[in-house]
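Participant: Build the 3D model from these lines:
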Amino acid sequence: MVVKVPFKTIKIRDETYENINILVGDLMKELKRPVSMDEAIRYLLKCRKNKPSKFAGGWKMDEKELERIKTELKESWKRWEL
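Facilitator: This is a model prediction of the structure:
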């Protein structure tokens with residue numbers, strides 16, 4: 001039994017096509033296997049769901065903890081050189 005998978009044609013700019021090709025190449029290096037355009041687009045859509053802003057408010061802290069973190073960051077930044 002042959003299962004037919006429906007396909008759609010979409011119009012995209014050349015620049016977009018080139019960028020998806022770059023993503024495909026990066027994914028192939030990372031996954032060490034061939035990756036289709038479809039898989040690359042699905043990967044992008046999946047990443048969109050996991051934006052850092054989705055987790056806003058997930059870490060509850062009081063003022064004391066906030067001040068401790070700020071102090072530690074300031075100390076760390078003093079050691080950085082550009």
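Participant: what stretches of this protein score poorly on pLDDT?
Facilitator: The model of the chain has pLDDT under 70 over residues 54-55, 81-82.
Participant: Leu27 versus the most centrally placed residue in the chain, what's the distance?
Facilitator: Of all residues in the chain, the one closest to the mean position by C-alpha atoms, centre = their mean is Cys47, 4.7 Å from it. Cys47 sits 11 Å away from Leu27, taking C-beta to C-beta, to the nearest Å as the criterion. Backbone N, C-alpha and C define where each C-beta goes, glycine included.
Participant: got it, and Leu73?
Facilitator: Using C-beta to C-beta, we find Leu73 at a distance of 34 Å from Leu27.
Participant: quick one, phi/psi of Lys64?
Facilitator: Per-residue torsions, Lys64: phi -60, psi -40 (degrees, to the nearest 10).
Participant: What is the burial count for it?
Facilitator: For Lys64, the count of nearby residues is 8 (other C-beta atoms under 10 Å).
Participant: Quickly find the element holding Lys60.
Facilitator: Applying DSSP states H and E as the criterion places Lys60 outside every helix and strand.
Participant: Tell me, how many residues neighbour Ala40?
Facilitator: Burial measure for Ala40: 20 neighbouring residues, criterion other C-beta under 10 Å.
Participant: Next, it: phi, psi?
Facilitator: phi -60, psi -40.
Participant: Now Arg42: which helix or strand?
Facilitator: When elements are defined using DSSP H and E, Arg42 is found to belong to helix 37-49.
Participant: buried stuff in that helix?
Facilitator: Neighbour counts over helix 37-49 (16 or more other C-beta atoms under 10 Å) mark 40, 43 as buried.
Participant: Which other helices and strands does that helix contact?
Facilitator: When contacts are defined as 3 or more C-beta pairs under 8 Å, 6 or more residues apart in numbering; DSSP states H and E, helix 37-49 packs onto helix 14-31.
Participant: So what touches the helix it packs on?
Facilitator: In this structure, residues lying in contact with helix 14-31 by C-beta atoms under 8 Å, 6 or more residues apart in numbering are 12, 34-37, 39-41, 43-44.
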